[in-house]
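# Need the 3D shape of this:
(2 chains)
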Amino acid sequence: MAAAAAFKISGIKFDAKVDSLVELVRRELAAAPHRGR
Amino acid sequence: MRSDHGKRRAAAFLDRDGVLNVDHGYTHKPEHLDWIDGAPAAVRLLNEAGYYVFVITNQSGVARGYYKETAVQQFHAHMQDALRAQGAHIDAFYYCPHHPDGTVKELAVRCRCRKPEPGMLEQAAREWPIDPGRSFLIATRTTTWPPPPRSK
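Just a heads-up that it's a prediction; the model follows:
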């Protein structure tokens, strides 16, 4: 599947014991305008 | 809800067990839904930012005969109802019911959808106008998608 092969996204590892999901999402949203296309 | 045609949007792919809900081990009963702290608020933030929000989850308990696919679907319906009550929603749930060591014969296969394989992500990309360059994945294990090739 050619379309799928081109589909790459950045990943973030989450550990509920140490990370806050809300803070992580806030960080990603703040970084979004700068994320490469 | 299926893909709304039009402009591509960023997507957040969220693992389920351990990211949205507490992983009790083969969690599938609605009464066992315990949110990870802040999870509904995090989904709402993504909704408000215009992101598609997808759940992608391995559910090998189906292949192992612990519960049926209908239980997975019911659990997801319960999650959705609970989220909507808090002003949030998931755009689509994707799950893999397979496992090579499963006891349910037709599901005991090496598939393309079980993470870290990319099948669920590919399916979402076929069904929704996603902008991959602005999308991200939050998972308990996988840190990139597709993952780097396994060393031999």
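
# OK, contacts around residue B:26?
By Cβ atoms under 8 Å, 6 or more residues apart in numbering or on different chains, the residues touching residue B:26 are B:61, B:64, B:66-67. In this view, the C-beta of every residue, glycine as well, is placed from N, C-alpha and C.

# how about the residues you listed in CSV, adding secondary structure?
Below are the contacts of residue B:26 laid out as CSV (DSSP: H, G, I helix; E, B strand; the rest coil):
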residue, secondary structure
B:61, helix
B:64, coil
B:66, coil
B:67, coil
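
# ok, and of those, which contact chain A?
By Cβ under 8 Å from any Cβ of the partner chain, no member of the contacts of residue B:26 lies near chain A.

# which residues sit in contact with the closest residue to residue B:33 other than its chain neighbours?
The shortest distance from residue B:33 to any non-neighbouring residue, by Cβ to Cβ, 6 or more residues apart in numbering or on different chains, is to residue B:21 (5.6 Å). By Cβ under 8 Å, 6+ apart, residue B:21 lies in contact with B:27, B:33-36, B:39, B:79.

# can you pull the pLDDT of residue B:21?
pLDDT recorded at residue B:21 is 98.

# about what we covered before: among the contacts of residue B:26, which pair sits farthest apart?
Among the contacts of residue B:26, the pair separated by the greatest distance (Cβ to Cβ) is B:64 and B:67, at 8.9 Å.

# quick one: pLDDT of residue 14?
Went with chain A since none was named. 94.

# try chain B instead
97.

# count of neighbours near it?
24 (other Cβ atoms under 10 Å in any protein chain shown).

# Same check on residue B:44?
Neighbour tally, residue B:44, other Cβ under 10 Å: 18.
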